[in-house]
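Student: Sequence first, predicted model second:
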Amino acid sequence: MPKKPISRGALEALLLAEVRKQPGCEAVERIVVVPVKPPRSGINWKVRGYAPGAAAASKVARAIVDVEHQLTAAYDLIEV
């Protein structure tokens with residue numbers, strides 16, 4: 001299935017919403033996405049950082065890895 005194009009803001013909002021669904025990650029405040037240039041293995045973005053808020057940073061990091069893996073398969077970052 002082809003990947004869907006998505007803006008950085010929309011992708012960061014989607015990542016944040018999905019990570020907050022994970023146990024112990026409800027308080028995550030922010031996730032930052034950056035483009036990968038040139039794309040590697042068909043992936044043109046990655047999570048650069050996050051603000052865990054009151055959530056345990058180790059739980060947030062694990063959740064981000066899982067969600068990032070799912071979403072890199074579904075979305076391509078577009079620059080607007």
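Tutor: Cool, the structure landed. The structure presented is a predicted model; accordingly, all values stated were derived computationally and were not measured.
Student: part of a strand, is residue 58?
Tutor: No. Under DSSP: H, G, I helix; E, B strand; the rest coil, residue 58 sits outside any strand and is assigned helix.
Student: Could you report the separation of it from residue 21?
Tutor: 17 Å (C-beta to C-beta, to the nearest Å). For glycine as for every other residue, the C-beta is placed from the backbone atoms N, C-alpha and C.
Student: Repeat that for residue 3.
Tutor: In terms of C-beta to C-beta, residue 3 sits 22 Å off from residue 21.
Student: So if I had to pick from these two, which one is more boxed in?
Tutor: Each of residue 3 and residue 21 has its neighbours counted (other C-beta atoms under 10 Å); residue 3 has more, 15 against 10.
Student: Roughly how far does the more buried one sit from residue 52?
Tutor: Separation of residue 3 from residue 52 (C-beta to C-beta): 28 Å.
Student: what helices or strands is the strand ranked longest in the chain leaning on?
Tutor: In the chain, with assignment by DSSP state E, the single longest strand is strand 30-40. Here strand 30-40 touches helix 8-20, strand 43-51, going by 3 or more C-beta pairs under 8 Å, 6 or more residues apart in numbering; DSSP states H and E.
Student: List the contacts of the most centrally placed residue in the chain.
Tutor: Among the residues of the chain, the one closest to the centroid is residue 15, at 4.1 Å (C-alpha atoms, centre = their mean). Shown in contact with residue 15 (C-beta atoms under 8 Å, 6 or more residues apart in numbering): 31, 33, 47, 64, 67, 68, 71.
Student: circling back to that earlier point, ok, and what's touching the longest strand of the chain?
Tutor: 8, 11-12, 15-16, 19, 43-51, 64, 77, 79.
Student: pLDDT averaged over that strand - what is it?
Tutor: Averaging pLDDT along strand 30-40 gives 95.
Student: list the buried ones in it?
Tutor: For strand 30-40, burial by neighbour count (16 or more other C-beta atoms under 10 Å) applies to 31, 33.
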